[in-house]
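Peer 1: the amino acid sequence is not available; the structure is as follows:
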């Protein structure tokens, strides 16, 4: 059986290569898609016949969540380009001034932090932590929330807890 399959495969490759040489460059492009589809179909058929189709099922299942997040990831491309362009332009002059001027690390006043967390300016450490946890349960990215809001809540908590320590 294996000998017959091997001979059939060798004959098919021979015929395909012979016809490939006779094609014009435009037709070769169209033929590439046909070859890819036929090879993919043959691979799928082989995997079904040998009982290895679970590999494909697992690969498709792994790709589905990534495809759902693709539009979300695409909106970050300009920020990535801006960040890489900034590092190329500034070189070794980044220092602490660059981190202070970035949007995620902009200085937040104590008043803004209190308003964001919904606590009084004289709130205790425990009240700040409780307010942060309560709000974070609503806006955490793992629960369908927003990365930006979660980062702002963390920044407000750090600002308030830092002002209490020092």
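Peer 2: Cool, the structure landed. The structure displayed is predicted, hence computed values, not measured ones.
Peer 1: now do the helices in this protein.
Peer 2: Using DSSP state H, the helices of the chain run over residues 2-21, 25-50, 53-74, 77-90, 95-101, 110-117, 125-139, 147-165.
Peer 1: how far away is the residue nearest the centre of the chain from residue 67?
Peer 2: Per C-alpha atoms, centre = their mean, the C-alpha nearest to the average position across the chain is that of residue 73, at 5.2 Å. Per C-beta to C-beta, to the nearest Å, residue 73 is found 10 Å from residue 67. Yep, even glycine has a C-beta here, placed from its N, CA and C like the rest.
Peer 1: over to residue 160?
Peer 2: Distance from residue 160 to residue 67, by C-beta to C-beta: 40 Å.
Peer 1: ok, now residue 148?
Peer 2: Distance from residue 148 to residue 67, by C-beta to C-beta: 23 Å.
Peer 1: which one's more surrounded, those two?
Peer 2: Legend: neighbour count by other C-beta atoms under 10 Å for residue 148 and residue 67, higher for residue 148 (12 against 9).
Peer 1: the more buried one and residue 70, how far apart?
Peer 2: 19 Å.
Peer 1: by mean pLDDT, flag the weakest helix or strand of the chain.
Peer 2: Lowest mean confidence among the helices and strands of the chain (mean pLDDT, DSSP states H and E): helix 95-101, at a mean of 37.
Peer 1: got the domain ranges for the protein?
Peer 2: Annotated domains of the chain cover 2-74, 107-165 [automatic domain parsing].
Peer 1: return the most buried member of the ones you listed.
Peer 2: Neighbour counts (mean count of other C-beta atoms under 10 Å) averaged over each of those peak at domain 107-165, with a mean of 15.
Peer 1: mind listing what residue 133 touches?
Peer 2: Residue 133 makes no contacts at all, as judged by C-beta atoms under 8 Å, 6 or more residues apart in numbering.
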